[in-house]
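K.L.:
after the sequence you'll find the predicted model.
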Amino acid sequence: MPGRPERVGDQIRAELSTLLLRSVRDPALRLITLTHVQVSRDLRHARVYYTAPIDASAIETKRGLRRAAPFLRSQLGKRVRLRHIPELTFVYDDSFEREQRIAQVLEEIHLSAPPVQ
């Protein structure tokens, strides 16, 4: 059974996804996907993991998220019932690229291995 920080993180991820899709004016931020939100035990800090399309500029996306963070936090305060709305820190989630690289290496090993008799 997930604890309170996990439940709050899931709720924050859902609300932020909706806000990014409908309320944020920066078109580059509408294309990102929020993968996970990790909330501290005291619910004061939230680390928001995201991925962006390949053609998006990583620097521009990060800059846009940093600029939008105060707006997103204030909107979260209106949508989520918490005593303190957590500070938002956005972190690029590279787990998908790592997973693809591992799959590629395993495929190369499989193709170069001699057939088993």
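P.N.:
That came through fine. Numbers count the residues shown, from 1 in each chain.
K.L.:
quick one: low-confidence ranges for this structure?
P.N.:
Within the chain, the ranges that satisfy pLDDT under 70 run 1, 55-56, 113, 116-117.
K.L.:
which helices and strands sit right next to the lengthiest helix in it?
P.N.:
Taking residue count as the measure and DSSP state H as the definition, the longest helix of the chain comes out as helix 58-79. If you count contacts as 3 or more Cβ pairs under 8 Å, 6 or more residues apart in numbering; DSSP states H and E, helix 58-79 packs onto helix 4-22, strand 87-92. Every C-beta, even on glycine, is put in place using the N, C-alpha and C of the backbone.
K.L.:
between strand 87-92 and the first one, find me the angle.
P.N.:
Regarding helix 4-22 and strand 87-92, their directions subtend 70 degrees when assessed with axes from the mean of the first three to the mean of the last three Cα atoms, to 10 degrees.
K.L.:
packing partners of the very next helix or strand once past helix 4-22?
P.N.:
Counting by DSSP states H and E, the next helix or strand C-terminal to helix 4-22 is strand 33-39. Here strand 33-39 is seen to pack against helix 4-22, strand 45-51 when contacts are counted using 3+ Cβ pairs under 8 Å, 6+ apart.
K.L.:
strand partners (parallel or antiparallel) of strand 33-39?
P.N.:
strand 45-51 (antiparallel) (DSSP bridges).
K.L.:
so which residues make contact with stretch 23-41?
P.N.:
Where contact means Cβ atoms under 8 Å, 6 or more residues apart in numbering, the residues beyond stretch 23-41 that reach it are 5-6, 8-10, 12-13, 16-17, 20-21, 45-53, 56-57, 60-61, 64-65, 67-68, 71-72, 75, 86, 93, 95.
K.L.:
select only the buried ones of these in ChimeraX?
P.N.:
One line in ChimeraX is enough to select the buried ones among these; burial here means 16 or more other Cβ atoms under 10 Å:
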select :5,8,9,12,13,16,20,46,47,48,49,50,51,52,61,64,65,68,72,75,86,93
